[in-house]
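**Q** One predicted model, sequence on top.
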Amino acid sequence: MELLGIFGQKCNRNIQKIREKIKTLGAGRISPKV
């Protein structure tokens, strides 16, 4: 159970980072795609 919780938190952080990247890419389409 504890392992699953830690794994979920990591996934949430990754999803948030990806969403932020997509937001920045969407806001500034001038920036090159990574």
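**A** Good, I have the coordinates.

**Q** Determine the number of other residues adjacent to residue 25.
**A** When counting by other C-beta atoms under 10 Å, one arrives at 13 neighbours for residue 25. Placement of C-beta: from N, CA and C, glycine included.

**Q** ok now the strand or helix carrying residue 25, how far from the chain's centre?
**A** Under the criterion of DSSP states H and E, residue 25 resides in helix 2-27. Chain-centre distance of helix 2-27: 4 Å, with C-alpha atoms, centre = their mean, to the nearest Å.

**Q** Now do that helix, average pLDDT.
**A** Taken as a whole, helix 2-27 has a mean pLDDT of 85.

**Q** can you pull the buried residues of it?
**A** When neighbours are counted by 16 or more other C-beta atoms under 10 Å, no buried residue of helix 2-27 is found.

**Q** Can you list the helices and strands that it packs against?
**A** Helices and strands touching helix 2-27, as assessed by 3 or more C-beta pairs under 8 Å, 6 or more residues apart in numbering; DSSP states H and E, are absent.

**Q** how near is residue 6 to residue 26?
**A** For residue 6, the distance to residue 26 equals 31 Å [C-beta to C-beta, to the nearest Å].

**Q** With residue 7 instead?
**A** Distance, residue 7 to residue 26, by C-beta to C-beta: 28 Å.

**Q** Next one: residue 3 relative to residue 10, how far apart?
**A** For residue 3, the distance to residue 10 - C-beta to C-beta - is 11 Å.

**Q** With residue 4 instead?
**A** Taken as C-beta to C-beta, the span from residue 4 to residue 10 is 11 Å.

**Q** cool, residue 2 as well?
**A** 13 Å.
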